[in-house]
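[1] no sequence for this one, just the structure:
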């Protein structure tokens, strides 16, 4: 299973691993721009709330659940980064994605406070299926699974926000995590975008 | 007049029972293989063997909602009086926020009854497997 990765066969290395430095810098730069957009949208939601928006306790609960998942994602990427299984440039990519999740978590926490809620804290310890992570491909597949789940979670959260600005902001994060998922699939040699719709 | 009122109340009670039982009677047959794909939607927050943002799914069937030791549930879930089984899961998964107002699971739900049935069949299959029996 995943023998091409275990043997370090570069002819099957992910497309991201074959990017030249300039292209990679460009990719990372654009990712940063998109994330800034997400932060701006969520902060806009905060402003709307400050002006007396409709959001309530339910929105805070949804945001806190999202925050919990984002904090776990940060920890998961940390695990991957420290595993010694990721080689450059995949390692750089993982750290970039981790940075996105940190940004998501930061803005979510600030928004929860703005709404009068108490943001959940990062757990002292997370449980991950470390016994199944033996290669770079295993780590990438695990990350892809989390990212796809995150897309579904945000997709399920968007329609239930009372405040539409928060829904818009959540959709912005959803888009970012969908891109993570696609890139990770690509890195695994899978079809990056396997279908026209997400669920 | 009292008899009429009593009859209305009785009819209302019967209606409520039927309304509650109606969806349960119409549960679809689930395919665990398809349900495994549906379960991928849950993987941002849930795992079978351990708690994450959401509680573990091993031991789910027959478990009182909000009862996994050490997991920080919402008050709403702890006081929901639900016992997880095929029918309660179907109701909850269809619309979590309506079934348990105040749940931390801020998720719109799975509208498609076949998808819910498939997901529940998969949850049951894994719960009956060694993966969960060893927990």
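    That came through fine. As the structure is a prediction and not an experimental result, all values here were calculated from the model.
[2] Now for residue A:79, how many residues are close by?
    Neighbour count for residue A:79, taken as other Cβ atoms under 10 Å in any protein chain shown: 17. Heads up, the C-betas are built off the backbone N, CA and C, glycines and all.
[3] any idea which element the nearest residue to it once chain neighbours are set aside lies in?
    Distance criterion Cβ to Cβ, 6 or more residues apart in numbering or on different chains; nearest residue to residue A:79, sequence neighbours excluded, is residue A:128 at 5.6 Å. Using DSSP states H and E, residue A:128 sits within no helix or strand.
[4] which residues in the chain form helices?
    With no chain named, the answer covers chain A. A:3-6, A:21-50, A:57-82, A:90-114, A:136-157, A:164-187 (DSSP state H).
[5] that's the other chain; I wanted chain B
    For chain B, applying DSSP H gives helices covering B:2-25, B:32-39, B:75-78, B:86-94, B:96-99, B:113-127, B:130-133.
[6] if we can go back for a sec, most tightly packed of the helices of chain A?
    Neighbour counts (mean count of other Cβ atoms under 10 Å in any protein chain shown) averaged over each of these peak at helix A:136-157, with a mean of 23.
[7] ok now do the residue nearest to the spatial centre of chain A, which residues does it touch?
    Compute the mean C-alpha point of chain A, and by Cα atoms, centre = their mean the closest residue is residue A:177, 4.3 Å away. With contact set as Cβ atoms under 8 Å, 6 or more residues apart in numbering or on different chains, residue A:177 has these partners: A:147, A:150-151, A:154.
[8] Mind doing that once more with 10 Å?
    A:38, A:69-70, A:73, A:97, A:100-101, A:104, A:146-155, B:44 (Cβ atoms under 10 Å, 6 or more residues apart in numbering or on different chains).
[9] Could you measure from residue B:87 over to chain A?
    According to Cβ to the nearest Cβ, to the nearest Å, residue B:87 stands 21 Å off from chain A.
[10] now do residue B:115
    Counting by Cβ to the nearest Cβ, the gap from residue B:115 to chain A is 8 Å.
[11] looking at it, residue B:103 is touching residue B:93, isn't it?
    No - using Cβ atoms under 10 Å, residue B:103 is not in contact with residue B:93, being 11.7 Å away.
[12] What does the pLDDT read for the residue nearest the centre of chain B?
    The centre of chain B sits closest to residue B:89, judged by Cα atoms, centre = their mean, with a distance of 1.8 Å. Per-residue confidence (pLDDT) for residue B:89: 98.
[13] What sits closest to it if chain neighbours are left out?
    residue B:120 (5.1 Å).
[14] For chain B, which residues are neighbours of chain A?
    Residues of chain B lying close to chain A (Cβ under 10 Å from any Cβ of the partner chain) are B:37-47, B:49-54, B:56, B:72, B:74, B:76, B:95-97, B:101-110, B:112, B:115.
[15] ok, back up a step: how near is the residue nearest to residue B:89 to residue B:88?
    For residue B:120, the distance to residue B:88 (Cβ to Cβ, to the nearest Å) stands at 10 Å.
[16] Quick check on the two: which one has the bigger neighbour count.
    residue B:120 (25 against 16).
[17] Tell me if I'm right that that one and residue B:57 touch.
    No - checked against Cβ under 10 Å, the pair residue B:120 and residue B:57 is beyond contact range at 11.0 Å.
[18] wait, residue A:171 sits on residue A:198?
    No - Residue A:171 lies out of contact with residue A:198 (Cβ under 10 Å); the separation is 11.5 Å.
[19] tell me the contacts of the nearest residue to residue A:97 once chain neighbours are set aside?
    The spatially closest residue to residue A:97, leaving aside those adjacent along the chain, is residue A:180, at 5.0 Å (Cβ to Cβ, 6+ apart). Going by Cβ under 10 Å, 6+ apart, residue A:180 touches A:31, A:73, A:77, A:93-94, A:96-97, A:100-101, A:143-144, A:146-148, A:150-151.
[20] Could you check how far residue A:180 is from residue A:148?
    For residue A:180, the distance to residue A:148 (Cβ to Cβ) stands at 9 Å.
[21] do residue A:137 as well
    Distance, residue A:137 to residue A:148, by Cβ to Cβ: 16 Å.
[22] pLDDT score for residue B:133?
    If you check residue B:133, the pLDDT there is 89.
[23] burial measure for it, as a count.
    Residues lying near residue B:133 (other Cβ under 10 Å) number 10.
[24] now residue A:127
    So residue A:127, with other Cβ under 10 Å, has 13 neighbours.
[25] Equivalent analysis for residue A:119, please.
    Per other Cβ under 10 Å, the neighbour tally for residue A:119 reads 19.
[26] same check, this time on residue A:195
    Residues lying near residue A:195 (other Cβ under 10 Å) number 7.
[27] Name the nearest residue to residue 67, sequence neighbours excluded.
    Going with chain A. Excluding the flanking residues, the one nearest residue A:67 by Cβ to Cβ, 6+ apart is residue A:108, at 4.3 Å.
[28] wait, I meant chain B there
    Spatially, and ignoring its direct neighbours in sequence, residue B:67 is nearest to residue B:78 (7.9 Å; Cβ to Cβ, 6+ apart).
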